[in-house]
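In: could you work out the structure for the sequence below:
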Amino acid sequence: MQLGHSQGFLSFIAPKINQHLGCNFSANTLAGLYNKVEPSRIRIDADEVTYPCHILLRFEAEKALIEGNLEVSELPDFWSSQMQSLLGINTDGDYKNGCMQDIHWTLGELGYFPSYTLGAMYAAQLRFAMEQSIGELEPMLRTGQFEAIFTWLDKHIWSKGSLLSTDELMRQATGEILNGDYLRQHLSQRYLSVSR
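Out: From the prediction side, this is the model:
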C-alpha cells in the first residue's frame, strides 16, 4: 500500500487499467477508491488507517485466551464489544463476519496477526529511507521509472534475504531499528494532508 496506493503510482497505472479493462478511471478516482477510510467488519477489506484496529482486536483476544482471562465461549461477546469500541461496528450474532472470519485460529496460528502491522511499519520506514537515498518517489512512480526503486530494494533488502536479523537489516537499510513513527507519519501525510 505504501507505493501501490500512492497518487504517483495510481497516475501511472490508471491508463493501463483503463486500456486493459475498458473502463475510464482517473488517478483521482482510483485514489478515492483505494484510500477511502471507512471502518469495515472484515479485516481483509479494511483500509490502512483502520486495519491496525483489526490487528489490535485479534492480539487482545489471543492474549486473553492464552492468559486464561477469556474462555472460547466468551470470544463472540468480547469480539463484538471490541469491534464496537475500536471501530463503531456491531457484530452481535454475526460469527461468520465476526470472530470466525479468519482461518488463522482454525489452523492453530496464534500470534500471527501482529506481523501484518509490523509489515506496514517496516514498509513506511523503508520508504522514508529510500526517499532519503534516491529522492522523492512520487515522480518516479508517476512516470513508471521503477529502476532506482528496485535497485535500492535489491541492494538494501532483497539481496540480504536470511543473512541478517531483522533489526540488523533495518539498521543497515534505514540507520535504525523499527520505529513506529514512520507509519504514523505516512498515515498522517496520506490521510490528513491539506493537499488531499
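
In: now do the SS call for Thr91.
Out: Following DSSP: H, G, I helix; E, B strand; the rest coil, the label given to Thr91 is coil.

In: next up, the contacts around the nearest residue to it once chain neighbours are set aside.
Out: In this structure, Thr91 finds its nearest non-sequential neighbour in Gly98, 3.8 Å apart by C-beta to C-beta, 6 or more residues apart in numbering. The C-beta positions use only the backbone N, C-alpha and C, and glycine is treated the same way. Gly98 makes contact with Arg41, Pro76, Trp79, Ser80, Met83, Thr91, according to C-beta atoms under 8 Å, 6 or more residues apart in numbering.

In: 7 Å instead?
Out: Contact partners of Gly98, counting by C-beta atoms under 7 Å, 6 or more residues apart in numbering, are Pro76, Trp79, Ser80, Thr91.

In: for those residues, which one is nearest Arg58?
Out: Comparing the contacts of Gly98 against Arg58 with C-beta to C-beta places Trp79 closest, at 9.2 Å.

In: what about that closest one, which SS state?
Out: helix.

In: how close does the residue nearest to it when sequence neighbours are not counted sit to Thr117?
Out: Residue nearest to Trp79 in three dimensions, not counting chain neighbours: Cys99, with 4.0 Å by C-beta to C-beta, 6+ apart. To Thr117, Cys99 is 19 Å away according to C-beta to C-beta, to the nearest Å.

In: who has more neighbours out of those two?
Out: Using other C-beta atoms under 10 Å as the criterion, Cys99 and Thr117 rank with Cys99 on top: 22 against 18.

In: secondary structure class for the more buried one?
Out: coil.

In: could you pull out the helices for this structure?
Out: Secondary structure of the chain by DSSP state H: the helices cover 7-21, 27-34, 51-66, 75-87, 114-134, 137-143, 147-156, 166-174, 181-192.
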